[in-house]
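Student: structure for this input, please:
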Amino acid sequence: MAPNDNFIQRGINNAVAGAGDYAGGVVDAAGKSVAGAGRNVGNSVTNATNNAGSSVSNYGNGIKDATGASGTRTQTAQNPLGMSSNKYGGKKVVTGAGSSSGTKGTANNPLGLS
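Tutor: Alright, predicted model coming up:
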């Protein structure tokens, strides 16, 4: 073997290793980008689901309050302590914005929610 063989071989190995390092970095960055996007989508879905669930629970609490039902109320974002309200407060939740206009339901919106 000539002394140049080791030098050439080392150069080739270093070039291959550098190319592999670069390609691995590109793939790693792409993977992190996909993982980050997935995490953001997951957080968005989680928040939307929590908000929808809290709204439904709050509506249920409003029905209990409007009808004067006894028992505990669910903790929600709007009612973090799960406190009971009076009948008027329950009706405000059930009818939407709590306007005193007495919005009546329709065939398309039987509860008169806005």
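
Student: biggest helix in the protein by residues?
Tutor: Secondary structure of the chain per DSSP state H: the longest helix is helix 3-67.

Student: check which helices and strands that one sits against.
Tutor: helix 87-95 (3 or more Cβ pairs under 8 Å, 6 or more residues apart in numbering; DSSP states H and E). All C-beta spots, glycine's among them, are computed from the backbone N, C-alpha and C.

Student: can you report the mean pLDDT over the residues of the longest helix of the chain?
Tutor: For helix 3-67, the mean pLDDT works out to 80.

Student: so what's residue 105 up against?
Tutor: By Cβ atoms under 8 Å, 6 or more residues apart in numbering, the contact set of residue 105 is 111, 112.

Student: and it, which of the three is it?
Tutor: Classification of residue 105 by DSSP: H, G, I helix; E, B strand; the rest coil places it in coil.

Student: could you check how far it is from residue 111?
Tutor: Between residue 105 and residue 111 the distance, using Cβ to Cβ, to the nearest Å, works out to 5 Å.

Student: do residue 51 as well
Tutor: Counting by Cβ to Cβ, the gap from residue 51 to residue 111 is 19 Å.

Student: for residue 57, same thing?
Tutor: Separation of residue 57 from residue 111 (Cβ to Cβ): 16 Å.

Student: just residue 47 next, same as before
Tutor: Separation of residue 47 from residue 111 (Cβ to Cβ) stands at 25 Å.

Student: number of nearby residues for the closest residue to residue 60 other than its chain neighbours?
Tutor: Here the nearest residue to residue 60 in space, its sequence neighbours aside, is residue 74; by Cβ to Cβ, 6 or more residues apart in numbering that works out to 6.6 Å. Residue 74 has 14 neighbours, counted by other Cβ atoms under 10 Å.

Student: again, but for residue 57
Tutor: Neighbours of residue 57 using other Cβ under 10 Å come to 18.

Student: likewise for residue 18?
Tutor: 10.

Student: ditto for residue 61
Tutor: Residues near residue 61, counting by other Cβ under 10 Å: 26.

Student: isn't it right up against residue 74?
Tutor: Yes - here residue 61 reaches residue 74: they are 5.9 Å apart, a contact under Cβ atoms under 8 Å.
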